[in-house]
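Chemist: what shape does this take:
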Amino acid sequence: MEGLWVHQTAHLFFALSMGLLIFWLRKWRLTVSQGWRFIQFAAFFFIAWNIDTMASHWLQEQSGLIEVRNVAPLQMQIVAAEGRRWISKVYYLTKLDHLLCVPALVFLFLGFRRL
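Modeler: Predicted structure coming up:
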């Protein structure tokens, strides 16, 4: 359990760091350059990815609302708490975190390439 708290804290620290990066990029007016603007977009996506991933970890490990069962090789079942079936759809969407992380990495790459 302590490892999960440390992991969640790392996600929070990363998100706050990206927010601080955006703040300084705007304050120093670096976003007029396309490279820094791409890095700013990457930071936005990294913030969204961290929030999404923290929610996913919380739903699966700490909330008690979701249980993930292995029903067969390469097949899992998401079981939600009674009367909260909608939460399984939310959990499933949070597990699609690569839809936020991949664009962040692409923008980071493009930003570095422009610089």
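Chemist: stretch 61-69: how far from the chain's middle?
Modeler: 18 Å (C-alpha atoms, centre = their mean, to the nearest Å).
Chemist: ok, which stretches of the chain are strands?
Modeler: 66-72, 75-80 (DSSP state E).
Chemist: output those strands as JSON lines; include the columns distance to Ser33, mean neighbour count and mean pLDDT.
Modeler: All C-beta spots, glycine's among them, are computed from the backbone N, C-alpha and C. Output for these, formatted as JSON lines (distance: least, C-beta to C-beta, whole Å; neighbours: other C-beta atoms under 10 Å; pLDDT from 0 to 100):
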{"stretch": "strand 66-72", "distance to Ser33": "43", "mean neighbour count": "11", "mean pLDDT": "92"}
{"stretch": "strand 75-80", "distance to Ser33": "44", "mean neighbour count": "12", "mean pLDDT": "92"}
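Chemist: longest helix in this structure, by number of residues?
Modeler: helix 2-27 (DSSP state H).
Chemist: just to check, His7 is in contact with Trp58?
Modeler: No - using C-beta atoms under 8 Å, His7 is not in contact with Trp58; the gap is 11.0 Å.
Chemist: for the residue nearest to the spatial centre of the chain, which non-adjacent residue is spatially closest?
Modeler: Nearest to the geometric centre of the chain sits Trp49, at 1.9 Å (C-alpha atoms, centre = their mean). Leaving aside its sequence neighbours, Trp49 sits nearest to Leu100 (C-beta to C-beta, 6 or more residues apart in numbering; 4.0 Å).
Chemist: what sits against the one you found?
Modeler: Listed by C-beta atoms under 8 Å, 6 or more residues apart in numbering, the contact partners of Leu100 are 45, 48-49, 52.
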